[in-house]
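J.: no sequence on this one, just coordinates:
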């Protein structure tokens, strides 16, 4: 994450504006966006979290709804796509590394898959 303060704890100038992050800024985790109402002058996005599967369908629960000026929403979309282009290969590399790390962690776990089930044990 980019630092938003300089050594004197002052807000930084970024692309022609100042930005100061408040310590109390809430952070939300979402699995996706369930609703997007794009209009003028404001658009609304509803983010969701998946809480399970009911009858073969995801059970989504709203986490937060954000209203944003539509031109700002388009700028956000452009910036996210541009960031994906710039960092795409690094993201792929990170996924490959994570995949290998996961394989290494799980390769020595021995679990009985028929009843009675046993607790996972690490092979010697």
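T.: That came through, no problem. These numbers come from a predicted model, not from an experiment.
J.: Residue 44 and residue 68, how far apart?
T.: For residue 44, the distance to residue 68 equals 8 Å [CB to CB, to the nearest Å]. All C-beta atoms are positioned from the backbone trio N, CA, C, and that covers glycine.
J.: Which stretches in this structure count as helices?
T.: Ranges of helices in the chain, per DSSP state H, are 70-106.
J.: Could you list the low-pLDDT ranges of it?
T.: By pLDDT under 70, the low-scoring segments of the chain are 1-14, 111-124.
J.: and with 90 instead?
T.: 1-25, 54, 56, 80-81, 83-96, 98-124 (pLDDT under 90).
J.: quick one: the strands in it?
T.: In the chain, the segments counted as strands under DSSP state E are 12-14, 17-19, 32-37, 42-54, 57-69, 109-110, 121-122.
J.: Direction included, what does the fourth one pair up with?
T.: Right, strand 42-54. Pairing partners of strand 42-54, with direction, according to DSSP bridges: strand 32-37 (antiparallel), strand 57-69 (antiparallel).
J.: Identify all contacting residues around it.
T.: Strand 42-54 has contacts (CB atoms under 8 Å, 6 or more residues apart in numbering) with 28-37, 58-70, 73.
J.: From these, list the buried ones, please.
T.: Among the contacts of strand 42-54, those buried by neighbour count (16 or more other CB atoms under 10 Å) are 30, 34, 60, 73.
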